[in-house]
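Engineer: no sequence on this one, just coordinates:
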């Protein structure tokens, strides 16, 4: 049996970010096959989530760790220090909490420093790496 040096007590647990990066690479390459590898982009950035200073308001983020963008241009943010996942629909000025947001904790309705999020549209669910709870 292969031993996981990072998690010796759990030989089948691997850091989730490796899996997510692999998924992101596959989906980006398959969805953007007609984009030239040397394409240049305009350097006009816009704020699409947060932008109102660090905080816990619905229009703020605190240490956002990762994000996921679906085919509808909806952005899901792992808002780590607020212990929540926030959904930002295209063109909105505030987000909507879709997981956590009930304080830091280990309850079924709580998260503890979530670091990654992806959306499984087939199963209509979020897959969250709830880091400090060891879930995900």
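Structural biologist: Perfect, thanks for sending it. Quick caveat: nothing in here was measured; it's all calculated off a predicted structure.
Engineer: give the contact list for residue 55.
Structural biologist: Shown in contact with residue 55 (C-beta atoms under 8 Å, 6 or more residues apart in numbering): 61-62. The C-beta positions use only the backbone N, C-alpha and C, and glycine is treated the same way.
Engineer: on the three-state scheme, the residue positioned nearest the centre of the chain is what?
Structural biologist: Centroid-nearest residue in the chain, with C-alpha atoms, centre = their mean: residue 117, separated by 3.1 Å. Following DSSP: H, G, I helix; E, B strand; the rest coil, we place residue 117 in the strand state.
Engineer: okay, it and residue 79: tell me how far apart.
Structural biologist: 10 Å (C-beta to C-beta, to the nearest Å).
Engineer: which residues are in contact with both of these two?
Structural biologist: With C-beta under 8 Å, 6+ apart, residue 117 and residue 79 have common neighbours residue 85.
Engineer: low pLDDT regions in the chain?
Structural biologist: 1-34, 44-48, 136 (pLDDT under 70).
Engineer: circling back: what bridges to the residue nearest to the centre of the chain?
Structural biologist: Applying DSSP bridges to residue 117 yields these beta-bridge partners: residue 128.
Engineer: I'd say residue 54 and residue 61 touch.
Structural biologist: Yes: the pair residue 54 / residue 61 is scored as a contact, 7.3 Å apart, by C-beta atoms under 8 Å.
Engineer: the two - which one has more neighbours?
Structural biologist: Between residue 54 and residue 61, counting by other C-beta atoms under 10 Å, residue 61 is the more crowded of the two (26 against 12).
Engineer: what residues are up against that one?
Structural biologist: 49-50, 54-55, 77, 79, 82, 86.
Engineer: could you measure it against residue 95, distance?
Structural biologist: Residue 61 is 8 Å from residue 95, by C-beta to C-beta.
Engineer: do residue 52 as well
Structural biologist: 11 Å.
Engineer: the more surrounded of the two?
Structural biologist: Between residue 52 and residue 95, residue 95 has the larger neighbour count (other C-beta under 10 Å), namely 23 against 13.
Engineer: which stretches of the chain form strands?
Structural biologist: 64-69, 75-79, 84-88, 96-100, 114-120, 125-130 (DSSP state E).
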